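[1] Below: sequence and its predicted model.
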Amino acid sequence: MNTDIVWCVVILIVLCLVGAVGCRFWLSSYENVVDVPFLSNKGDSAWEGFLAFWTFIIILQVTALYLLQNFLRCCRSTVSWFNLS
């Protein structure tokens, strides 16, 4: 297996874990969730942290794919420019 892919997956999981733990602590800091807009009234911060983990997986994976696509386009155009000259 390619070590770059393994490192990308490890970094993705670490970033998502940090985001989910931060979300859990942030939500647990509110005593009365009813006063905060866009927060569920369940009050279970562990469940919200779990959902945030999978949300971050989806968002960061799509963002990384978009950045990789643009990076490869730039590299391909640079290589083709050098081949022309």
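    Here it is on my side, so go on. Residues are numbered from 1 along each chain as shown.

[2] Now do the SS call for Glu31.
    The three-state label given to Glu31 by DSSP: H, G, I helix; E, B strand; the rest coil is coil.

[3] can you count the residues close to it?
    By other CB atoms under 10 Å, the residues close to Glu31 number 7. Backbone N, C-alpha and C define where each C-beta goes, glycine included.

[4] secondary structure element for the residue minimising distance to the centre of the chain?
    Among the residues of the chain, the one closest to the centroid is Leu60, at 2.9 Å (CA atoms, centre = their mean). Using DSSP states H and E, Leu60 sits within helix 45-84.

[5] Give me the helices and strands touching that helix, please.
    Counting contacts by 3 or more CB pairs under 8 Å, 6 or more residues apart in numbering; DSSP states H and E, helix 45-84 packs against helix 3-28.

[6] Any buried residues in the helix it packs on, and which?
    Buried residues in helix 3-28, counting neighbours by 16 or more other CB atoms under 10 Å, are found at Cys16, Gly19, Ala20, Cys23, Arg24, Leu27.

[7] And stretch 47-66, by the same measure?
    Residues of stretch 47-66 classed as buried under the neighbour-count rule (16+ other CB under 10 Å) are Glu48, Gly49, Ala52, Phe53, Phe56, Ile57, Leu60.
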